[in-house]
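[1] Return atomic coordinates for the entry below.
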Amino acid sequence: MWMQLLRAAGFPPIGNAFPRDWKTTLKDANPSGFWESELRRGIYYKTNPDPKTGTYLFPEQTERHAVKVFIPGLTKTDRAFIGKVIATVRPWREYVRSVDRLYAIERDARQAALKGPDKALAPPVFMNPVIEWWVENFSLISDIVTRRYPFFMVAYDSVLDCPEQTLRSVFEWLGDGDVEAAIKEVEPALRTQDEETGDEAKVSDVDLEVGVSEVFDALYDRVVTQSSLDQPFVDRLNQANEKLRERIEEAAKDLLKRRLERRRLIHELRRGNEELCASEENPDEPRTRSELP
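    Numbers count the residues shown, from 1 in each chain. Okay, the predicted model is just below:
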């Protein structure tokens, strides 16, 4: 959303509004596109220079450019490339429903596109979205406190419900850009999730530790009301993170294990396909030792 607003306001975007498989996988999730690039993983030595083209982005040449960087990528980004950061925060329950919906869309579309033996391939695996929401937002705040770059945390609902007030505040802070053009770009009708079901919504089978969900809600409320993250509240965040530490570590280990297993299956599947093609081309040619499992 913010990439579309910044582009409308006159900031040159970096990235592609429509990924290569957008029409078959993600169009229903965001008809206006995503404006993503490899830099979403961060602007650092693995992405700059571009590993495919060798093109290097210089900090002084991109000061006014807008680029989408996911939170894990932001924490890796070289400080020289961080001018001002606009961070959009969603309510954790709404985030979980949105992510579940996005993953389902991608999974169904990719499964439908697979052919032959690839049909047996399991879909990509992800961290539990409740834990992911917390880990990313907590790491964002930690990174801001540590590296002290200019930031503006914006509530997702505030942009859609009060676009004029919210965007005028953000662009006044930016000190640049056509705020009127950005306001016209806001499309509340594109909201894909609705928070009407409130606290009763069943968004996950995770039973959070005592007091943790209250901290989650309080964090989002601070963003909505633009209240400061004072030391007493930062202490609450640290306490909540400590309560979740064991669960976070277990989730990270489980995710790594499942991804390694999926990678192994992909390797075996591809090797099986290569051997099948080779045997069909040379049916009488014996296999060498290196081709045996």
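[2] In a helix, Val154, correct?
    No. Using DSSP: H, G, I helix; E, B strand; the rest coil, the assignment for Val154 is strand, not a helix.
[3] element containing the closest residue in space to it that isn't next to it in sequence, please.
    What sits nearest to Val154 in space, not counting adjacent residues and going by Cβ to Cβ, 6 or more residues apart in numbering, is Thr88, at 5.4 Å. Placement of C-beta: from N, CA and C, glycine included. Using DSSP states H and E, Thr88 falls within strand 85-89.
[4] and the angle from the following helix or strand past that strand to strand 85-89?
    Reading on from strand 85-89 to the C-terminus, the next helix or strand found by DSSP H and E is helix 92-113. Helix 92-113 runs at 90 degrees relative to strand 85-89, counting by axes from the mean of the first three to the mean of the last three Cα atoms, to 10 degrees.
[5] counting contacts, what elements does helix 92-113 pack onto?
    Applying 3 or more Cβ pairs under 8 Å, 6 or more residues apart in numbering; DSSP states H and E, one finds that helix 92-113 contacts helix 22-25, helix 129-147, helix 212-225.
[6] who does the helix or strand that the shortest one is followed by pair up with?
    Looking back up the chat, that one is helix 22-25. Sequence-wise, the next helix or strand downstream of helix 22-25 (DSSP H and E) is strand 66-67. Sheet neighbours of strand 66-67, with direction, are listed as strand 13-14 (parallel) (DSSP bridges).
[7] re the thing from before, ok, residues contacting the strand holding Thr88?
    1-2, 6, 71, 74, 137, 140, 144, 149-156, 159, 170, 219-220, 223 (Cβ atoms under 8 Å, 6 or more residues apart in numbering).
[8] Selection in PyMOL covering whichever of the residues you listed are buried, please.
    Applying 16 or more other Cβ atoms under 10 Å to the contacts of strand 85-89, the buried members can be selected in PyMOL as follows:
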select buried, resi 1+2+6+71+74+137+140+144+151+152+153+154+155+156+159+170+219+220+223
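[9] ok, for the residue most central in space within the chain, nearest residue in space, not its chain neighbours?
    Taking Cα atoms, centre = their mean, the centroid of the chain lies closest to Phe70, which sits 4.9 Å from it. Nearest residue to Phe70, sequence neighbours excluded (Cβ to Cβ, 6+ apart): Arg40, at 5.2 Å.
[10] Please give me every residue in contact with the one you found.
    Here Arg40 is in contact with Gly15, Lys68, Val69, Phe70, Gly73 (Cβ under 8 Å, 6+ apart).
[11] tally of neighbours for the residue nearest to Val154?
    Applying the criterion other Cβ atoms under 10 Å, we find 14 residues in the vicinity of Thr88.
[12] Show me what the helix or strand harbouring Arg245 is packed against.
    Using DSSP H and E, Arg245 falls within helix 231-281. With contacts defined as 3+ Cβ pairs under 8 Å, 6+ apart, helix 231-281 has these neighbours: helix 129-147, helix 212-225.
[13] Residues contacting the longest one, please?
    What that stands for is helix 129-147. 70-72, 74-75, 79, 82, 85, 87, 89-90, 92, 95-96, 99-100, 126-127, 151, 203-204, 206, 208, 216, 219, 229, 234, 237, 240-241, 244, 247-248, 251.
[14] CA atoms only for it - export them in PDB, please.
    Provided in PDB are the C-alpha atoms of helix 129-147 (Å, rounded to 0.1, in the frame of the first residue of the first chain):
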ATOM      1  CA  PRO A 129       1.900 -16.000  11.900                       C
ATOM      2  CA  VAL A 130       1.200 -15.100  15.600                       C
ATOM      3  CA  ILE A 131       4.800 -15.600  16.500                       C
ATOM      4  CA  GLU A 132       5.900 -14.000  13.200                       C
ATOM      5  CA  TRP A 133       3.900 -10.900  14.000                       C
ATOM      6  CA  TRP A 134       5.500 -10.500  17.300                       C
ATOM      7  CA  VAL A 135       9.100 -11.400  16.300                       C
ATOM      8  CA  GLU A 136       9.000  -8.900  13.400                       C
ATOM      9  CA  ASN A 137       7.500  -6.000  15.300                       C
ATOM     10  CA  PHE A 138       9.700  -6.500  18.300                       C
ATOM     11  CA  SER A 139      12.800  -6.800  16.100                       C
ATOM     12  CA  LEU A 140      11.800  -3.600  14.300                       C
ATOM     13  CA  ILE A 141      11.500  -1.600  17.600                       C
ATOM     14  CA  SER A 142      14.800  -3.100  18.800                       C
ATOM     15  CA  ASP A 143      16.500  -2.100  15.500                       C
ATOM     16  CA  ILE A 144      15.100   1.500  15.700                       C
ATOM     17  CA  VAL A 145      16.300   1.800  19.300                       C
ATOM     18  CA  THR A 146      19.700   0.500  18.400                       C
ATOM     19  CA  ARG A 147      20.500   2.300  15.200                       C
END
